[in-house]
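Peer 1: structure, please.
(chains A and B)
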Protein chains: 2
Amino acid sequence: MTAYLPDATHAPTLTSWVASANDPASDFPIQNLPYGRFRHAGSKAPWRVGVAIGDAILDLTLAATAEGWSEAARAALEPLARGDLNAFMAAGVTVRRELRAALSRALAQGSAQQAALAGALLPQAEAEYALPCHIGDYTDFYTGIHHATTVGKLFRPDNPLLPNYKWVPIGYHGRSSSIGVSGQRFHRPLGQVKLPEAEVPVLAPSRRLDYELELGAFVGQPNALGEPVALADAEDHLFGVVLLNDWSARDVQAWEYQPLGPFLAKNFATTVSPWIVTMEALAPFRVPFTRPEGEPAPLPYLDGAANRERGALDLHFEVLIQTAQMREHGAAPVRLSRSNFRDAWWTLAQMLAHHTVGGCNLQPGDLLGSGTQSGPGADEAGSLLELSQGGRQPLALPNGETRTFLLDGDCIVLRGRCEADGARAIGFGDCIGTVLPARAAAA
Amino acid sequence: MTAYLPDATHAPTLTSWVASANDPASDFPIQNLPYGRFRHAGSKAPWRVGVAIGDAILDLTLAATAEGWSEAARAALEPLARGDLNAFMAAGVTVRRELRAALSRALAQGSAQQAALAGALLPQAEAEYALPCHIGDYTDFYTGIHHATTVGKLFRPDNPLLPNYKWVPIGYHGRSSSIGVSGQRFHRPLGQVKLPEAEVPVLAPSRRLDYELELGAFVGQPNALGEPVALADAEDHLFGVVLLNDWSARDVQAWEYQPLGPFLAKNFATTVSPWIVTMEALAPFRVPFTRPEGEPAPLPYLDGAANRERGALDLHFEVLIQTAQMREHGAAPVRLSRSNFRDAWWTLAQMLAHHTVGGCNLQPGDLLGSGTQSGPGADEAGSLLELSQGGRQPLALPNGETRTFLLDGDCIVLRGRCEADGARAIGFGDCIGTVLPARAAAA
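Peer 2: Residues are numbered from 1 along each chain as shown, chains lettered A, B, ... in the order given. Reported below is the predicted structural model:
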């Protein structure tokens, strides 16, 4: 069992010779050190693994050739220098910590490696990104109890939450192949929809296209098929987290989802942020997992001291929209909502322990979505379905436009930031996706 | 658009110099030529791609070194000789046909390559198998209308089929990581179950463990994200089919499945047969896709002349059980049911066209399950849930045992065979899986 406790790499006084990392507004101070895959924008070069630092990327293929790494750091860098983040994820916590400590020393003010590593930096403005790793299986949970309640109320005003909700970390398998990295642009999906007044369904572009604000957690160390991971060990199997937008076609979903769940309503695109913020970087922002008075305790396999004491995560989310009209007028994205991952009904460790309790094997690079993260307030909703009360109450945007669901050209930006007393705040980088017009149906 | 029509490689008079392939009972005559991955049982050698012929395997790594291949065949063999079936699947129909024709000539009586290839044969009895290819995403459909009706009746006697069933090829995303090849042995899963009389759920080994008889279709040629595949082109993107057992924990499913569908109830194990029977091999067994009088026609994107004329497949299924007691007494497996893929409500092409209509991309090696294939008769049910009427009516086995659901030690065998006038029958090889006792819950 790994306790993710703050150490010297989290010291708020620590600064980097990469000056932009010391800007208090930077998502990527030396206390963060998230991993991603990048190349020079427009090049056809193979994707490389890098670490974000300030407004730059430390290219690990180049960095690995520098002098001055410890033997452990050099071994940890070996798969990364080949561009293989999955192999590093598989290696587990100890190897990851060794490299974090080494990178922290290497990028700190006064590092003996500064001269050698200065040439291994690429400005983020000159980079483009791939998915940070190969994603085998993608699972999406439903841990946002305020989302589940608000959505449930739209259908069942007196009984919004189904009886299993407070007991089972509800989840389902999602589509891996259509997950893209921030910057993803996708066509409005066609799908079968059946209007209430219609006798039969039709194939049409979705008219109720929505986003969903989620956290995504990547699996590191695998478990074998048939070998469940106990809750106390679950965080050993987590690598880190990203922001995730689970784009959803509500009208397609309403018609197709019974009895086997969402399918085409969600498999046309899913967008994640480019940088995986490691479990180590999140250490200062861990908080107790609590349930309101009177709520049932989790079953024993989902309950434990470490999870109660530090299982949750204080992570501020923000959703913004930039419509095509805003872009034309040079207007910045405007905020739609804010929420916090503390309000999730289950922790990441509970999600992972539940996922494996029947024997399911998780592999390095597998992705676990948290489900839509809405807070208790009406303005803390992580989707338009909630913000517009099922499409009945259009949202007024500052430029005079309104929205119930997404229109073509709309760009959605997810942001995340962790702040705590005595800690340097860290961020996630933007998770951006844009809706393109529907294509004509294939003949 | 590829028409899979019989050609010279299907001639029923064609025989092989591999004598066992000429046994009328063989699943693998020269007219079949399915692909799989194998190695010497007990060895640690890398998996190789082979083609089943009679009771042997043609080792394509060895075969590729033989003289006498055409240039096209040699090019097609290149990825296969490296053990990479996915790359060959991606290459599409034309390449596959070239190699089929070449393999047919090479293995036929009188082949000039007989001497060179005789040394490239391994008896199947000396082999062990891997999954035939790397499976990225796995999707499971629900095309067995008799299954959906019977199961629906258990819950809604007056309205067994949901309103969307006859319009939408219902499907959901499944778990890739836990798919295993025939011979898979898995522990009875633990999961949350809530008994009707209980106030709260408990974590317990499933008491309603079941199998599901399905056909699995592998994707060959990919489509890009955002580019739907029209029905008329859908079969160009199919590589071939296997038998698939979608093991299911009914009690876990009943408690967890709302509102997002099955999750832990089905992700602990899925078993497929080792040999992918290609679309080419199935050509003589294609039959019209019909709907009973009065049933709605598919929406235009799921309707087309080729699909109506030859979209369905006449494939006989059989399910057998061998209990631990039978094994101890040396008794052979006994049949539980028979059915036919002709009774599916949707064709493979319709499944694929629907899957992509919203823009979802399918990749080489992706697997599409058909859903449980039950026929209209009570003895044609593809699961114990149906055969035992929801567990209310135990099945009597010939040795005096009874079953409502699976007990530890039970081994389920799926078989498939295609027969048609004027064609040599082909088979699939057994798809076998065995239930081991539950493990203790992780502490």
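Peer 1: show me where the stretch 251-400 of chain A has strands.
Peer 2: Taking DSSP state E, counting those that start in this stretch as the criterion, the stretch 251-400 of chain A carries its strands at A:270-272, A:277-278, A:286-287, A:312-313, A:316-322, A:334-340, A:367-369, A:395-396.
Peer 1: ok, now the stretch 101-250 of chain A?
Peer 2: A:121-123, A:127-130, A:138-141, A:171-173, A:179-181, A:184-187, A:190-193, A:202-205, A:209-210, A:213-219, A:238-245, A:248-249.
Peer 1: gap between the second one and the chain center?
Peer 2: Its chain's average C-alpha position is 17 Å from that of strand A:127-130, according to C-alpha atoms, centre = their mean, to the nearest Å.
Peer 1: quick one: A:Gln124 and A:Ile57 touch, right?
Peer 2: Yes: under the criterion of C-beta atoms under 8 Å, A:Gln124 makes contact with A:Ile57 at 5.8 Å. For the C-beta atoms, the positions are set from N, CA and C on the backbone; glycine is no exception.
Peer 1: so for these two, which sits in the more crowded spot?
Peer 2: A:Ile57 (25 against 21; other C-beta atoms under 10 Å in any protein chain shown).
Peer 1: OK, contacts around that one?
Peer 2: Residues in contact with A:Ile57 (C-beta atoms under 8 Å, 6 or more residues apart in numbering or on different chains) are A:36, A:38, A:50-51, A:121-124, A:127.
Peer 1: so which helix or strand takes in it?
Peer 2: strand A:56-59 (DSSP states H and E).
Peer 1: could you dump the next helix or strand after that strand to CSV, C-alpha only?
Peer 2: Next helix or strand after strand A:56-59 toward the C-terminus (DSSP H and E): helix A:60-63. Output of helix A:60-63 as CSV, limited to C-alpha atoms (Å, rounded to 0.1, in the frame of the first residue of the first chain):
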residue,chain,number,x,y,z
LEU,A,60,12.8,12.8,-22.4
THR,A,61,14.4,11.2,-25.5
LEU,A,62,16.9,14.0,-25.5
ALA,A,63,17.1,14.3,-21.7
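Peer 1: which secondary structure elements does helix A:60-63 contact?
Peer 2: Under the contact criterion of 3 or more C-beta pairs under 8 Å, 6 or more residues apart in numbering or on different chains; DSSP states H and E, helix A:60-63 touches strand A:48-53, helix A:71-81.
Peer 1: point out the most buried one among those.
Peer 2: Greatest average neighbour count among the helices and strands packed on helix A:60-63 goes to strand A:48-53 (a mean of 27), per mean count of other C-beta atoms under 10 Å in any protein chain shown.
Peer 1: can you name every helix or strand that it contacts?
Peer 2: strand A:35-40, strand A:56-59, helix A:60-63.
Peer 1: average pLDDT for it?
Peer 2: Strand A:48-53 carries an average pLDDT of 98.
Peer 1: residues making contact with that strand?
Peer 2: Counting by C-beta under 8 Å, 6+ apart, A:16, A:18, A:21, A:27-28, A:30, A:32-39, A:57-61, A:80-81, A:83-85, A:88, A:103, A:107, A:121-122, A:124, A:127, A:275, A:429 sit against strand A:48-53.
Peer 1: who does that strand pair up with?
Peer 2: Applying DSSP bridges to the sheet, strand A:48-53 is found paired with strand A:35-40 (antiparallel), strand A:56-59 (antiparallel).
Peer 1: near chain B, which residues of the stretch 1-150 of chain A show up?
Peer 2: By C-beta under 8 Å from any C-beta of the partner chain, the residues of the stretch 1-150 of chain A that approach chain B are A:136-137, A:139-140, A:142.
Peer 1: nearest to chain B, of these?
Peer 2: Of all the residues of the stretch 1-150 of chain A next to chain B, chain B sits closest to A:Asp137, with 5.3 Å by C-beta to the nearest C-beta.
Peer 1: that closest one against B:Gly136, yeah?
Peer 2: No: counting by C-beta under 8 Å, B:Gly136 is not a contact partner of A:Asp137; they are 9.1 Å apart.
Peer 1: so between these two, which is more surrounded?
Peer 2: A:Asp137 (29 against 23).
Peer 1: so what sits opposite the residue lying closest to A:Asp84 once chain neighbours are set aside in the bridge?
Peer 2: Nearest in space to A:Asp84, with sequence neighbours left out and distances taken as C-beta to C-beta, 6 or more residues apart in numbering or on different chains, is A:Val49 at 7.5 Å. For A:Val49, the beta-bridge partners under DSSP bridges are A:Arg37.
Peer 1: which parts of chain A are helices?
Peer 2: Per DSSP state H, chain A carries helices over the ranges A:60-63, A:71-81, A:85-91, A:93-107, A:114-118, A:145-155, A:231-234, A:250-256, A:305-310, A:324-328, A:348-356, A:384-387.
Peer 1: point me to the residue of the stretch 251-400 of chain A nearest chain B.
Peer 2: Residue of the stretch 251-400 of chain A nearest chain B, by C-beta to the nearest C-beta: A:Gly261 (2.4 Å).
Peer 1: what about the closest residue in space to that residue that isn't next to it in sequence, distance to B:Tyr142?
Peer 2: Spatial nearest neighbour of A:Gly261, excluding adjacent residues (C-beta to C-beta, 6+ apart): B:Gly261 at 2.4 Å. In this view, B:Gly261 and B:Tyr142 are 10 Å apart by C-beta to C-beta, to the nearest Å.
Peer 1: perfect, that will be all.
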